[in-house]
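In: Please work out how this folds:
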Amino acid sequence: MKSKPRVPLWRWLVWMVALIVALVVFYGIFTPFWFALRSTAWIAEYRSRRRR
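Out: Next up is the predicted model:
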């Protein structure tokens, strides 16, 4: 059985850059957007319950 060939350095670099971009997009953009959306929903729900 042959051993697997080494992974080229450029593939490691592409993987690391893609991972960094994905983390920045997820934690830098999606999380604050989700939190703002949920906060708006919680405030709307609180206001509608208070009016009853």
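
In: can you give me the helices for the chain?
Out: 9-25, 31-51 (DSSP state H).

In: now those in TSV, with mean pLDDT and mean neighbour count?
Out: The C-beta positions use only the backbone N, C-alpha and C, and glycine is treated the same way. Converted to TSV, those look like this (pLDDT from 0 to 100; neighbours: other Cβ atoms under 10 Å):
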stretch	mean pLDDT	mean neighbour count
helix 9-25	97	10
helix 31-51	92	10
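
In: Against Leu23, how distant is Arg47?
Out: With distances taken as Cβ to Cβ, to the nearest Å, Arg47 is found 35 Å from Leu23.

In: now Tyr46
Out: Tyr46 sits 33 Å away from Leu23, going by Cβ to Cβ.

In: before we move on, what about Val7?
Out: Using Cβ to Cβ, Val7 is found at 21 Å from Leu23.

In: so which of the helices of the chain gets nearest Lys2?
Out: Comparing the helices of the chain against Lys2 with Cβ to Cβ, the closest turns out to be helix 9-25 (19.3 Å).

In: Please list the outside residues in contact with the closest one.
Out: Outside helix 9-25, not one residue touches it by Cβ atoms under 8 Å, 6 or more residues apart in numbering.

In: what angle sits between that helix and helix 31-51?
Out: Helix 9-25 runs at 20 degrees relative to helix 31-51, counting by axes from the mean of the first three to the mean of the last three Cα atoms, to 10 degrees.

In: Return the distance of helix 9-25 from the chain's centre.
Out: 14 Å (Cα atoms, centre = their mean, to the nearest Å).

In: Stretch 38-52 too?
Out: Here stretch 38-52 is found 27 Å from its chain centre; the criterion is Cα atoms, centre = their mean.

In: Identify the residues contacting the residue sitting nearest the centre point of the chain.
Out: Nearest residue to the geometric centre of the chain (Cα atoms, centre = their mean): Phe26, 1.8 Å. By Cβ under 8 Å, 6+ apart, the contact list for Phe26 is empty.
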